[in-house]
Structure formats: C-alpha cells, structure tokens
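>>> Got a sequence here, can you model it:
(chains A, B, C and D)
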Protein chains: 2
Amino acid sequence: MSHHSPKNADPKPSRIQLRNRKRILDAALDVFSQHGYRGATLDQIAERAGLSKPNILYYFSGKEDVHVTLLNGLMDAWLAPMREIDPEGEPLEEILRYVRRKLEMSREFPRESRLFANEVLQGAPRIGPHFGNELKPLFEETCKLIAKWVSENRLGSVDARHLIFSIWSTTQHYADFDAQVQALLPSEDAHAGAVSFLDILYRRLLTP
Amino acid sequence: MSHHSPKNADPKPSRIQLRNRKRILDAALDVFSQHGYRGATLDQIAERAGLSKPNILYYFSGKEDVHVTLLNGLMDAWLAPMREIDPEGEPLEEILRYVRRKLEMSREFPRESRLFANEVLQGAPRIGPHFGNELKPLFEETCKLIAKWVSENRLGSVDARHLIFSIWSTTQHYADFDAQVQALLPSEDAHAGAVSFLDILYRRLLTP
DNA sequence: CGTGTTTTTTACCATATGGTCAAACTACGA
DNA sequence: TCGTAGTTTGACCATATGGTAAAAAACACG
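The predicted model follows:
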C-alpha cells in the first residue's frame, strides 16, 4: 500500500521489524525513564537506538505511540508479582515473598520503575485508564484476600490498602530515588540491606 | 547600572520585587512539579504567574535559575522535621512524631514533594550538591542517634539507614503517587488511613 | 538476475521554546 | 511636578523538536 510504516495488523512482522522495534523501545526506555515524557526527544531515542529519527517514525506513529507502547508492555510485568500471591499459601510468607519479588524488580528493572514513577508523578495522563482496568481489580482482590487473612487471625491486623501502598513505595524507592540512595550509602550494596530490613519490617508488622 | 534585572546583592528588595518573585516561584512550583524541569516552559510559568515571559527573565536569570531557587528554598523546609528529632526525647515517640510530620508535609505541600521527586528521579542533576552538604550530614547524625537508641535497647533493632528510607518513601508516596492513590481509594480520605497505618507499622517495628 | 516490496535516508517544514533588546511605562523622592 | 531609577512589554532571534515527503537503498523471491 503506502510506502510508510509497516502494514497494520501485520500477521507476521519481519525479523527486521522485531529487532528494530525492540531496539527503539529499549532506547526509549532509557530516555523516557530519565527525562520523563516531555523531556525526552526523538533525537535522543534515535541516537541511542542507532537509528535515524524518521526511521523511528516508520515503526511508530509518533513519540506518544512509543511511550504508550512502553507503558502498556510494562503494566503486565509490573503486576505479575502481585498476581503470584497464592491465596492457598501461608499468609506471612506470601506477603514477604511479594515484597522480595518487588524489591528484586526494583533492582533488575530500575528503568521501568522510573518510567512508571515519572508517569504517575505527572498525573498518569497516559496510563490512567489502565488503573481502572487492570490495576484496580487486582488491587481490590488482593486487599480482600489480605483482609480475609487478617480476619482469620493469620496476619496481624492492618489496613490492606495502605499495606500495599507501603510495599510499593518502600520497594520502588530504591529504584526511583537511586540518586539519593547512592549519595547516602556510598559504595554499599543497598539491596542486601533493603532485603533484610523490609523482611524485618513486614514480619514485625504482620506476625499475628 | 544596566536597565535589566534588579541589582544583585540588593540590600532592600522593593515590595514589587518581593511580590513578583513570590508569584513567579509559586507558579513555577505548579508547573515544575507537574511536568518536571524539561517539560515545564517559561510561557506556562508566566501565564500562571500573570506576568509576561520577559518580565520573569527580569527577576530570574533564566529557567534554570527559577528551578534552582525553588530547590534551594525547599531543602531546608524539607529537612526541618528531621532536625526536630529530639535526642533527649523518648525514642519511639520521636520517630513516630517524625513520621507524622513528614506525612503532614506530604499532604500540605504535595507540589514540593513532587518537585523533589522529579528532581531525584532524573538523577538529581541540580540538587545533587545539596546532598553532600546538607542532607548527608543530617542523615548520618540521625542514623547515629537511632543506632544509639537501638544499642540502648530503647528501640527495636533495625538498620537506621533503611528505616529512614522507608519513612521517606511511605510518607512521600501519598503526594508523589497521588494519581494512583486517588484511582485506588476513590473518594476516601487517604490521609487519615495513612496516619494510623504508619503509626502501627513503625510502632510494631520499633517497639523494643 | 529483475522486479516489486520493505526499509532507510536526505532534505525539509511548522511550531515551540529559551532568551534578548530597546522602547515604553510606572513609582516615587526631591 | 519633574526626573530618575525601577519595571514591563512587544517584537524579535536562534535553536530544538515533532513530524513529513519522496527518493534511495536494501531486500525478498520468482
């Protein structure tokens, strides 16, 4: 058809398409996570991806498309640890495992964490819809589960919603505020310390 | 001398100067906290301040000057609650009061919190120096105090550094991730719940 | 090969943005 | 009221940025 942009609903994206889209998204993750949406430029993304700017616009319909694609792909991975909480498991261990997983993600995927933080900080203009569709149902389901555990006396009594907020904030802090953490814990492995601190924190909070 | 910009080292800034600088900084706080440094524009700031763009550049030497001025003014206020921890006080109560104060600031000054978060998220390029000068000494002093309290068995044993990180993250979360909190706690007073949750959290953690 | 398709590049726009300048205007003390 | 220092503005600039068009290059495949 037209000379521009790969056919939509492409049944079988070529190897080149796959490779270049991946490159672009990886470069964009670098740039967006560091500068936020409006601070990032297509030129920066292009340079980091080793492609020309028009070439990026051959694969994506625009800057926003790249950003939204990143956020969409992120949401699932981001929620995975919460989905893995086992309603049949031992409550305290399930929560502690969740905390550990979140902390791990914070260390392994700091760019994703910061991308998300940037987006939410600015009012979640692009990811807002996902909150209602994906995040909220899972959040409420998990709250219900925790509340049940609490009512069965298998967990110390807490407000499940704020418990989850605290888990999110404490774990993501190490990625999002890395510049500060680095400045205050020079040449130390913040991660190891964080793991054991958070283990103690939530163990003392939640032990019935 | 020159027609431009108020004399430096002005011994007595005029009433107009005071008023307009305040207006500009307030408008800039709105804009920077929402869009980050690079996403904010002088035009936006000018409009919100009710002044013309050149007029802003009459009071500040540039966009960066406005931003840095905000950050400088913020740092002191931000650290005040930590300075108020009383080494002679009752340890648990001192910490809990600190948590409450931080949470209050998060609610009363969400723009400041987000401005700070934006800055740190992007690697603290402009506030970095302050980390070494103001933040770090206070941080380490406070860590030492907490460690002392722990060693005297007046607090449950914890790593003071990660304790402080957790206090920062949990309290600031309600300002920085407000968009998310709002989406998940519709039409509820998140603050009241947060106060009592964090009180329980740190009470259980720190009770000897 | 040769031909049609996909991918990449070169050369551009239009607009937004940080910043400048000199002229115009205002406040205020003598 | 006048004059001067302080303040404000309209008209500009230079550059950066998101995006486009069309030709060129690379590729797939008979």
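>>> Return the distance of stretch A:39-47 from the chain's centre.
How far stretch A:39-47 lies from its chain's middle: 21 Å, per CA atoms, centre = their mean, to the nearest Å.
>>> check whether that stretch contacts DNA strand C.
No: Stretch A:39-47 lies out of reach of DNA strand C by CB under 7 Å from any atom of the strand, never closer than 8.6 Å. Heads up, the C-betas are built off the backbone N, CA and C, glycines and all.
>>> Go through that stretch and flag the buried ones.
In terms of neighbour count (16 or more other CB atoms under 10 Å in any protein chain shown), stretch A:39-47 has its buried residues at A:39-40, A:42, A:44-46.
>>> After the helix or strand of chain A with the lowest mean pLDDT, which helix or strand is next?
Least confident helix or strand of chain A, by mean pLDDT, DSSP states H and E, is helix A:128-130 with a mean of 91. Using DSSP states H and E, the helix or strand that follows helix A:128-130 in sequence is helix A:136-151.
>>> What's the mean pLDDT across that next one?
Mean per-residue pLDDT for helix A:136-151: 98.
>>> Summarise which helices and strands that helix is packed against.
In terms of contacts (3 or more CB pairs under 8 Å, 6 or more residues apart in numbering or on different chains; DSSP states H and E), helix A:136-151 is packed against helix A:63-83, helix A:91-108, helix A:160-176, helix B:178-184.
>>> Give me the distance from the second one to the chain's centre.
I take that to be helix A:91-108. With CA atoms, centre = their mean, you get 14 Å for helix A:91-108.
>>> quick one: contacts of that helix?
In this structure, residues lying in contact with helix A:91-108 by CB atoms under 8 Å, 6 or more residues apart in numbering or on different chains are A:77-78, A:81-82, A:84-86, A:112-113, A:146, A:149, A:154-155, A:167-168, A:171-175, A:191, A:194-195, A:198-199, A:202-203, A:206-207.
>>> about what we covered before: how far off centre is the least confident helix or strand of chain A?
With CA atoms, centre = their mean, you get 14 Å for helix A:128-130.
>>> Does it reach chain B?
Yes: contact between helix A:128-130 and chain B, assessed by CB under 8 Å from any CB of the partner chain, occurs at A:G128.
>>> Output the contacting helices and strands for that helix.
Using 3+ CB pairs under 8 Å, 6+ apart: helix A:128-130 touches helix A:63-83.
>>> Tell me the buried residues in the helix it packs on?
Quick answer for helix A:63-83 (16+ other CB under 10 Å): A:63, A:66-71, A:74-75, A:78-79, A:81-82.
>>> Kindly indicate which of those residues lies nearest DNA strand D.
Relative to DNA strand D, the closest of the buried residues of helix A:63-83 is A:K63; by CB to the nearest atom of the strand it sits at 3.6 Å.
>>> show me the residues around the residue nearest to that closest one when sequence neighbours are not counted that make contact.
Residue nearest to A:K63 in three dimensions, not counting chain neighbours: A:L42, with 5.7 Å by CB to CB, 6 or more residues apart in numbering or on different chains. By CB under 8 Å, 6+ apart, the residues touching A:L42 are A:53, A:56-57, A:63.
>>> Got the confidence number for A:L42?
For A:L42, pLDDT reads 98.
>>> again with A:I16
74.
>>> For A:E141, the count of nearby residues, please.
A:E141 has 14 neighbours, counted by other CB atoms under 10 Å in any protein chain shown.
>>> Just give me how far stretch A:56-76 sits from the chain centre.
15 Å.
>>> Touching that stretch from outside, list them.
A:4-6, A:17, A:20-21, A:24-25, A:28-29, A:32, A:37, A:40, A:42, A:45-46, A:49, A:112, A:115-116, A:119, A:126-127, A:130, A:134-135.
>>> repeat for stretch A:121-141
Contacts of stretch A:121-141 (CB under 8 Å, 6+ apart): A:36-37, A:64, A:67-68, A:71-72, A:75-76, A:79, A:82-83, A:116, A:119-120, A:161, A:164, B:34-36, B:39, B:114, B:117-118, B:121, B:176-177, B:179-180, B:183-184.
>>> CA-only coordinates of that stretch in CSV, if you can.
Output in CSV follows, covering the C-alpha atoms of stretch A:121-141 (Å, rounded to 0.1, in the frame of the first residue of the first chain):
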residue,chain,number,x,y,z
LEU,A,121,4.1,11.8,39.1
GLN,A,122,2.8,13.8,36.2
GLY,A,123,-0.8,12.7,36.9
ALA,A,124,-0.8,9.4,34.9
PRO,A,125,-2.1,11.1,31.8
ARG,A,126,-1.4,8.1,29.6
ILE,A,127,-1.6,5.2,32.0
GLY,A,128,-4.6,6.4,33.9
PRO,A,129,-7.0,4.1,32.0
HIS,A,130,-5.1,1.1,32.9
PHE,A,131,-5.6,1.9,36.6
GLY,A,132,-9.3,1.2,36.3
ASN,A,133,-9.0,-1.8,34.0
GLU,A,134,-6.0,-3.8,35.3
LEU,A,135,-4.7,-2.3,38.5
LYS,A,136,-7.8,-1.7,40.4
PRO,A,137,-9.4,-5.1,40.2
LEU,A,138,-6.2,-6.8,41.1
PHE,A,139,-5.6,-4.4,43.9
GLU,A,140,-9.1,-4.9,45.4
GLU,A,141,-8.9,-8.6,45.0
